[in-house]
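Asks: Need a 3D model of the sequence below.
(one chain, ligands or ions: 1)
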Amino acid sequence: MDKDLSSLWSEIMNKLEQQSMASVSFNTWYKDMKLKEIDEEEKIFYVTVPIEFMKTRLTNNSSQLRLVKKCIQDVTKVDYTPIILTEDESNVSLKKESNNFLPKSRLNQKYIFENFVVGKSNEFAHAASLAVAESYLNPHEAHSNPLFIYGGVGLGKTHLMQAIGHFVQSQDPSKKVLYVTSEQFTNELINSIQTNKNEAFRNKYRRVDLLLIDDIQFIADKDRTQEEFFHTFNELHESNRQIVLTSDKPPKDIKALEERLISRFAWGLVVDIGPPDLETRIAILRSKAESEGFNIPNNVINFIAENVKSNIRELEGALSRVMAYSKLTTSEISEQTAAIVLKDLYNTKKEKVINTQIIKEVVAKSYKVNIDDIDSKKRTRSIAYPRQIAMYIARELTDLSLPKIGEEFGGRDHSTVIHAYNKVERDMEEDTSLKIKINNLMREIKE
Ligand SMILES: Nc1ncnc2c1ncn2[C@@H]1O[C@H](COP(=O)(O)OP(=O)(O)OP(=O)(O)O)[C@@H](O)[C@H]1O
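Replies: Here you go, the predicted structure:
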């Protein structure tokens, strides 16, 4: 890569790092991306990743791909489309082959009901989606319209929404199914206005049988898009065609969304998806590992599921990293290797339970006093001060209430604990060496 391209790419990567939701997601998904080539004619950024899993994840994840596109756009001020390839694929002539890499359908082939693991957090959303898909195909059955699925990042909203699309399409291929993100909807609308093709835009959206719009919350604040969507919605709804929407929050909580849209979104069925519990996380990991043809020991699956709790995308990311590591290093997958791979990304160390006994031991040893003296009634400074420090640390490092701390330090009153805490805090502000000493004690207690 010439120097200009390489500095351009580092600028884009810096942006990505700043804008990723968490350093975890940057390290997992974006860090290893490299710019291969820019096609100025087609306005394409060819980006490579080391392994197939990463390509599949990035290509199929609309919000991740959107973020890459946005960062490219922020830096270059040009509306390039990123295309993700594995390094092997990128070694063939890109221009000639490029069409093969463009997505043929807007539905991700993996987002089907069969691949969706049902647990407590998503069973209602799953049942509602399946019911909508089935009842929509049956002209005699009433179907909830629209179906509105909401929930936090990476919990399976897009997957369920597209599963409805696949189901309908596979049962009745004559049905026109359209999946778009609300951003694509907005961009197409803007383009159609600029090029005087508003009629074509309307025809496209108002002719579909099943309209799936992802992340509808992004149309809030955009008056023209809301207006256009309102008419599209009405037309489809009146002619009994199905609409499915997803969002990160329920309709009434989407700020700057017009009241008439809020009320329409709630006409049908509003369902939420929550974070998966441990059993569901384990089941999802098993199913993903199986589908990738990996045999992963149960203790490793449990280890990942216990440490990655935030969402399913992160869970998949963690699993992909572990699988990639074992593939690249041809090493066995064990709990130890999983811990090494995930160490920097997740706080995989088990939290130590801190109690007042440990605190007293460490403080007494450091101040060379007898541990029993800490609880005693003795008031000489050489004993009273370490006691106050121990109470300060107890308040900092445990969840115990003030009365409970008093009780554990020789049955003292809670006001004595507050006094000790305030005094030590003040002293630490004035005396840096004391502050360092107490911080070191706390570190020792936590280890
Ligand atoms: N219950 C599940 N079973 C199997 N895979 C799941 C499940 N839920 C989510 N996933 C997977 O987790 C990943 C993230 O899901 P998805 O993209 O649908 O989340 P989302 O809620 O739409 O996130 P965002 O709000 O960021 O768009 C996908 O790869 C999806 O296949």
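
Asks: Give the phi and psi angles for I213, as a check.
Replies: Torsion angles at I213 (phi, psi; degrees, to the nearest 10) stand at phi -120, psi 120.

Asks: and it, what is it in contact with?
Replies: 180-182, 185, 229, 243-246 (C-beta atoms under 8 Å, 6 or more residues apart in numbering). The way it works is simple: take the backbone N, C-alpha and C, and place the C-beta from them, glycine included.

Asks: beta partners for it?
Replies: Per DSSP bridges, the residues bridged to I213 are V180, L245.

Asks: List just the nearest of the contacts of I213 to D88.
Replies: Nearest to D88 out of the contacts of I213 is T181 (C-beta to C-beta; 29.2 Å).

Asks: Which positions in the stretch 1-150 of the chain make contact with the ligand?
Replies: 61, 63, 111, 115-117, 122 (C-beta under 6 Å from any ligand atom).

Asks: closest point of the protein to the ligand, which residue?
Replies: Nearest residue of the chain to the ligand: G156, at 2.7 Å (C-beta to the nearest ligand atom).

Asks: show me what contacts the spatially closest residue to N198 that is not a sequence neighbour?
Replies: What sits nearest to N198 in space, not counting adjacent residues and going by C-beta to C-beta, 6 or more residues apart in numbering, is S192, at 4.9 Å. Neighbour list for S192: 198, 200-201 [criterion: C-beta under 8 Å, 6+ apart].

Asks: Between the two ends of stretch 297-314, how far is it?
Replies: Terminal residues of stretch 297-314 are spaced 20 Å apart (C-alpha to C-alpha, to the nearest Å).

Asks: actually stretch 339-358, not the one I typed
Replies: 27 Å.

Asks: Could you list every helix and strand in contact with the helix or strand encompassing E314?
Replies: Per DSSP states H and E, E314 falls inside helix 312-329. Applying 3 or more C-beta pairs under 8 Å, 6 or more residues apart in numbering; DSSP states H and E, we find helix 312-329 packed against helix 23-25, helix 52-60, helix 278-291, helix 298-307, helix 335-342.

Asks: these two touch, right, V153 and T246?
Replies: No: between V153 and T246 there is no contact under C-beta atoms under 8 Å: 11.4 Å.

Asks: For the two, indicate the residue with more neighbours.
Replies: Neighbour totals were compared for V153 and T246, and T246 leads with 25 against 14 (other C-beta atoms under 10 Å).

Asks: my guess is the more buried one contacts Q162, does it?
Replies: No: assessed by C-beta under 8 Å, T246 is found out of contact with Q162, at 10.0 Å.

Asks: after the lowest-mean-pLDDT helix or strand in the chain, next one along is what?
Replies: The weakest-scoring helix or strand in the chain, judged by mean pLDDT, DSSP states H and E, is helix 94-101 (a mean of 38). Toward the C-terminus, helix 94-101 is succeeded by helix 123-137 as the next helix or strand (DSSP H and E).

Asks: Which elements pack onto the helix or strand following that next one?
Replies: On the C-terminal side of helix 123-137, the closest following helix or strand by DSSP H and E is strand 147-151. For strand 147-151, the packing partners by 3+ C-beta pairs under 8 Å, 6+ apart come out as helix 123-137, helix 157-171, strand 242-247, strand 269-273.

Asks: Including mean pLDDT, could these go into JSON lines?
Replies: What follows is the helices and strands packed on strand 147-151, written out as JSON lines (pLDDT from 0 to 100):
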{"stretch": "helix 123-137", "mean pLDDT": "93"}
{"stretch": "helix 157-171", "mean pLDDT": "93"}
{"stretch": "strand 242-247", "mean pLDDT": "96"}
{"stretch": "strand 269-273", "mean pLDDT": "95"}
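
Asks: winner for burial among the ones you listed?
Replies: A comparison of these by mean neighbour count, using mean count of other C-beta atoms under 10 Å, puts strand 242-247 on top with a mean of 26.

Asks: Residues touching that strand, excluding its own?
Replies: Contacts for strand 242-247 (C-beta under 8 Å, 6+ apart): 129, 132, 136, 143, 145-150, 157-158, 161, 164, 168, 209-217, 233, 236-237, 254, 265, 268.

Asks: ok, now with 6 Å
Replies: Strand 242-247 is contacted from outside by 136, 145-150, 157, 161, 164, 210-214, 216-217, 236, using C-beta atoms under 6 Å, 6 or more residues apart in numbering.
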